[in-house]
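J.: how would this look folded up:
(2 chains)
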Amino acid sequence: MSTDIRIKNGLSINIKGVADKELKKVPLPTQLALILDDFHLIVPKLLVKEGQSIKRGQPIFYSKSNEKIKFVSPSSGTLEKVVRGDRRKILEIIIKTDKKDSVFKHKIPNQDKLDKPTIVDLLLKSGCWPFIKQRPFDIIANPDENPKSIFISCFDSAPLGVDFEFILRDQMTEFKNGLKILEKICPKNVNIGLNKDQSFLSNELRDFNINFFSGPHPSGNVGIQIHHIDPINSGESVWTLRPEDVCIIGRFFLIGEYEAIRTIAVSGPPIKNPKYFRTIIGTKIDFVFSKIIFDNNDDYRIVNGDVLSGKSVDKDKFIGYYNNNISVLREGNNYKLFGWIPFINNSVPSIYRSSFSWLSFSKPKDFDTNLNGEERAFVVTGEMEKFLPMDIYPMQLVKECMIGNIEKMEKLGIYEVAPEDFGLIDYASSSKIEAQTIIRDGLDFLIKETL
Amino acid sequence: MNIRGIVDKMKVPFEKGNKLEKLYPAFNAFETFLFVPNHTSKTGAHIRDAIDLKRVMITVIIALLPALFYGIYNTGYQYLYQTGETFTTLDAILHGSYKILPMIAVSYIVGLGIEFAFAVFRGHQVNEGYLVTGLLIPMIMPVDIPLWMVGVSVAFAVLIGKEAFGGTGMNILNPALTARAFAFFAYPTYMSGNQVWVSEASNVDGVSGETILGMLAAGGSTDQFSMMDMFIGSIPGSIAETSTLMVLIGAFILIYTGVGSWRIMVGSVIGAALTGILFNLWGANELMSFDWYNHIIVGGFAFGVVFMATDPVSAAQTLKGKWIYGLLVGVFCILIRVFNPAYPEGVMLAILLMNVFAPTIDHYVINASVKRREKRLNSKLKMA
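T.: As a prediction, the model looks like this:
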């Protein structure tokens, strides 16, 4: 059974430097880290002290709000440092790896003996649980809840998006096993989002629940897919996972080990040889970048994730927990004389016809991080609607989030959205309004007030 | 030293902790006029489109220029033609400029003065919206209005029409039309009647300053004006609204660049045309039997619909709402023209009226989406 859905509203942004389909294996890094910012709203309680040796898959900390949710080490080694910020808030947990590769093993019962409680229990103990996120709120799922469905989007429509067909090709056994495990949690309701061009995946996964999506970004965003297949009502929750994380779960249930393999596409206009790297979660970015050639020594921005919704990091920091790409952009910290006059500065990409660059917008372009203006009040109305393919009025929702009117937020559909769905709105806003930040704050406010 | 270096040097006294810190918004307006700043995205999307409000507003100004230039020429033309002297195009332009440029200067000086004062007082950036409003206000006034009245109307529109509601983006009524409506009701003898629509009409004998719609409302005939005159715009009227041709050029610029809402424009024309056709069939008086297509090209309809009804802040804000809003602007414009002899021109009041109703239209459009969501939830609950 499959459905075909055409997404009309949205925009595909073509950036120079898409990763070539060439996979380079990276040896075990000397240092890696878990970044707490990746686990939104999780307050960690450490289980290991600095200097203590740890095994791969050994819990390092758990969530204060739910002790069952454990976070484990992607590699064996020693806990080198806990980096703290203001008010001793933990920012990063840095692990120095060793080559011993001692593993924290789990016993996996026979396939037919695996029932839902056993699976959930194993996912929690193994450290695989944080891969499961939930809508509403776009946070790590609550294991005590029953999801009405599970969604996995297997294509990336974001700018410089990765090719999941390429990433999954040699991990199909693990991926399918992961899907089977998830189907036991949520029978008959594990939905896979594919693009029509993905013939390999659509053939391989024909026994599963597939939905086809076409059209511009954000058609690959899992939130958009949920909205069109099985929209979230107030009081319901839907779980989402990223494809390679399903592989990690599948692998765990095959071998009983937590093996956090992560395929990362390093891409962007300043990179001469953009390609895929296979490493493990949390690898130090420097370690991967030693194989990358930059075209010159400009000021760069490195983004964990895609350029619309990712987080910027320093070169000496670490790969995020969830992302499959690292995007690199030139910092646009330069002035442009009379740059605001229409049809001047046509080299700055624009979808609007007040610049000639719209004529060639679909060609790969060199984007930088300049805001191209200053933040202003909401003036141009109707522009946000064109970039959110949901039955939701984005500007009105953003405004209600700013005010914090919970009743209106619920009515306007706050439960169905995640910040990433507003990435394009950030991009296209003529008032330079940062809708993603406002939506995230709105969701956090809702959590604080209602849970 | 390059320009950037000079600006950086000038900036120092305005920076935090220095003497002129409070005046920073004013300096910022000047600086960002010269340069698109070097700000980079900190949170949210890392890449941003080249569009910004300065670019949006300047596009509207470019779209207004053809109508403004023609308005300047036509002001001179109407006056010199009626005096019966021989004259050249240059004479007409000179007379028009002599009348109109001071009005534009007064509008910008008073309006931007208030905008800058509020920006400094509130400590936020100067918004670009007034660049458009400030040009629109003189363009929709009768040519003989005294300059001090322009100044007072501008002050009223900016203070009461905009800043009182919280500034740019928060106003309910279109500020330019607020200025005109204020002048219209405060100084009616300068804003209506048959003496004001041609330069010096009240001072020089033999110059009649009546508009076509005014003549029709009085039951007179308008045979001296051909349809071509009405379309090109060589007819009496407010300064820059007479030429449908020039407005169409502006409309093309707005629609092509995506800055103006084509939904509102098309909706209004459909609304006005349908209402006009209905009245043509009825035909009880001169205004009713005035051909519907002429209704669209005379008076301020075209100008109002293209440049004022499309103001994104005071119009309906949802895409569906823009259709309904546009349609109703067209309908009410013709209704007011036909049924209310005191207001032979209806477009100003039609747009202001719809400005007031725009939030209601949006409410119903958005509520439809809210209802769909509720229905989905209810059907789910029933099944369970």
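J.: what's whichever residue of the stretch 51-200 of chain B sits closest to chain A in contact with, if anything?
T.: Residue of the stretch 51-200 of chain B nearest chain A, by Cβ to the nearest Cβ: residue B:52 (2.6 Å). For the C-beta atoms, the positions are set from N, CA and C on the backbone; glycine is no exception. Residues counted as contacts of residue B:52 (Cβ atoms under 8 Å, 6 or more residues apart in numbering or on different chains) are A:340, A:372, A:373, A:374, A:376, A:430, A:431, A:432, B:36.
J.: Just the buried positions in stretch A:211-220, please.
T.: A:211, A:212, A:213, A:215, A:216, A:217, A:218, A:219, A:220 (16 or more other Cβ atoms under 10 Å in any protein chain shown).
J.: Pop the domain breakdown of chain A in here.
T.: A:2-23+A:103-255, A:336-367, A:384-450 (automatic domain parsing).
J.: Point out the residues in the stretch 201-350 of chain B that sit beside chain A.
T.: Contact residues, the stretch 201-350 of chain B versus chain A (Cβ under 8 Å from any Cβ of the partner chain): B:256-259, B:261, B:312-313, B:315-319, B:322.
J.: Could you write me a ChimeraX select line covering just the buried ones among the residues you listed?
T.: The buried residues among these can be selected in ChimeraX (16+ other Cβ under 10 Å) with this line:
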select /B:257,258,259,261,312,313,315,316,317,318,319,322
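J.: Helices - which of the residues of the stretch 201-350 of chain B next to chain A land there?
T.: Taking DSSP state H, the ones among those that sit in helices are B:256, B:257, B:319, B:322.
J.: where do the helices sit along the stretch 301-450 of chain A?
T.: A:394-403, A:406-411, A:423-428, A:435-450 (DSSP state H, counting those that start in this stretch).
J.: Packing partners of the second one?
T.: In terms of contacts (3 or more Cβ pairs under 8 Å, 6 or more residues apart in numbering or on different chains; DSSP states H and E), helix A:406-411 is packed against helix A:394-403, helix A:435-450, helix B:347-383.
J.: Check residue B:206 and give its pLDDT.
T.: If you check residue B:206, the pLDDT there is 69.
J.: what bits of chain A have low per-residue confidence?
T.: Residue ranges of chain A with pLDDT under 70: A:1-2, A:297.
J.: Excluding chain neighbours, what is closest to the closest residue to chain B within it?
T.: For chain A and chain B, the shortest gap (Cβ to the nearest Cβ) falls at residue A:373, measuring 2.6 Å. Leaving aside its chain neighbours, residue A:373 sits nearest to residue B:52 (2.6 Å; criterion: Cβ to Cβ, 6 or more residues apart in numbering or on different chains).
J.: And for residue A:300, the neighbour number?
T.: By other Cβ atoms under 10 Å in any protein chain shown, 18 other residues sit near residue A:300.
J.: That one and residue A:329 touch, don't they?
T.: Yes. Using Cβ atoms under 8 Å, residue A:300 is in contact with residue A:329, at 6.9 Å.
J.: if I look at these two, which residues touch both of them?
T.: Residues touching both residue A:300 and residue A:329 (Cβ under 8 Å, 6+ apart) are residue A:270.
J.: how near is the residue of chain A closest to chain B to residue A:268?
T.: As judged by Cβ to Cβ, to the nearest Å, residue A:373 and residue A:268 stand 23 Å apart.
J.: So for the two, which sits in the more crowded spot?
T.: Neighbour comparison, residue A:373 and residue A:268: the larger count goes to residue A:268, with 29 against 26 (by other Cβ under 10 Å).
J.: I'd say the more buried one and residue A:17 touch.
T.: Yes. Residue A:268 lies in contact with residue A:17 (Cβ under 8 Å); the separation is 4.6 Å.
J.: quick one: common contacting residues for these two?
T.: A:160, A:274, A:328.
J.: still on that earlier bit, I'd like to know how far the residue nearest to residue A:373 sits from residue A:207.
T.: Residue B:52 is 50 Å from residue A:207, by Cβ to Cβ.
J.: pLDDT weak spots in the stretch 251-384 of chain B?
T.: In the stretch 251-384 of chain B (pLDDT under 70), the answer is B:384.
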